[in-house]
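Visitor: Kindly return the folded structure for what I paste below:
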Amino acid sequence: YTPSTGKILFVGKHWKKVGSRKGLDFIEGAMKILEEKGYELEVLSIGNRGEKIEYDANIKDLGFVDEETLIQSFQDAELFLQPSRRDSHPVAVLEAVRAGIPPVVSENVGDKYIVEEIDPNLVHKLNAESLAEKIEYFLNLSDEEKTSMSGKFRDISENYERDEIITEFKEKFRGLTDDR
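Guide: Model prediction:
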């Protein structure tokens, strides 16, 4: 994890910017706010399967990318965004957490409980202003604080290993069926 790269990552299937379930319009609005404050940031948007989307802010729509580009994008990012209007349990947040990239998520993202456990200041309300505020909060942390947070996210991701989750699910399911 390298803090203070100025690179922010968004990953998710999307086809449009305005009204998108994924909240791309919140990202664009937040970037405009932060650019006006003098921040020099670049958001990489990955996952669009349609035509490239043009933005009024410094957001690059890379579209659907190969695995190598995706991995490199995760390695380059200092922050991950999931500003969805609704998203029950997006895998991309878990991928970011596993990679040690602190995520900023909306209050309507199911993974927010993971983020809140490390730092509740990384959960935003459903608007561009709140998203900008949370990004700015993160950007103003010291490199040491960002690196520490990265490690905490990596550590907590171990609770979400596939085999452990399956075992836990089976045990809980058996408990439900045994009670009947």
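Visitor: use CA for all of it now, contacts and neighbours both
Guide: Fine.
Visitor: For Met149, give me its contacts.
Guide: Counting by C-alpha atoms under 8 Å, 6 or more residues apart in numbering, Met149 touches 100, 102, 118.
Visitor: now it: how far from Gly100?
Guide: 8 Å (C-alpha to C-alpha, to the nearest Å).
Visitor: Low-confidence regions, this protein specifically.
Guide: Applying pLDDT under 70 to the chain flags residues 14-19, 160-165, 178-180.
Visitor: quick one, longest helix in it?
Guide: For the chain, the longest helix by residue count, based on DSSP state H, is helix 162-178.
Visitor: What residues of that one count as buried?
Guide: Under the neighbour-count criterion of 16 or more other C-alpha atoms under 10 Å, helix 162-178 has nothing buried.
Visitor: can you list the residues that contact it?
Guide: With C-alpha under 8 Å, 6+ apart as the test, helix 162-178 has contacts from Asn159.
Visitor: Report the distance from that helix to the chain centre.
Guide: 28 Å (C-alpha atoms, centre = their mean, to the nearest Å).
Visitor: Contacts for stretch 61-75 next, please.
Guide: 1-2, 9, 44-54, 96, 99, 101.
Visitor: who touches the closest residue to Asn121 other than its chain neighbours in this structure?
Guide: Leaving aside its sequence neighbours, Asn121 sits nearest to Lys134 (C-alpha to C-alpha, 6 or more residues apart in numbering; 6.4 Å). Lys134 makes contact with 104, 121-124 under the criterion C-alpha under 8 Å, 6+ apart.
Visitor: Could you dump those residues into a markdown table and include distance to Gly38, neighbour count and secondary structure?
Guide: Output for the contacts of Lys134, formatted as a markdown table (distance: C-alpha to C-alpha, whole Å; neighbours: other C-alpha atoms under 10 Å; DSSP: H, G, I helix; E, B strand; the rest coil):
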| residue | distance to Gly38 | neighbour count | secondary structure |
| --- | --- | --- | --- |
| Val104 | 20 | 25 | strand |
| Asn121 | 22 | 15 | helix |
| Leu122 | 21 | 22 | helix |
| Val123 | 23 | 24 | strand |
| His124 | 21 | 24 | strand |
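Visitor: would CSV of the residues you listed with distance to Ser84 be doable?
Guide: Output for the contacts of Lys134, formatted as CSV (distance: C-alpha to C-alpha, whole Å):
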residue, distance to Ser84
Val104, 10
Asn121, 17
Leu122, 14
Val123, 11
His124, 10
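Visitor: beta partners of the residue nearest to Gln82 when sequence neighbours are not counted?
Guide: When the adjacent residues along the chain are set aside, Gln82 lies closest to Val105, with 4.7 Å between them (C-alpha to C-alpha, 6+ apart). In this entry, Val105 is beta-bridged to Gln82, Val123, by DSSP bridges.
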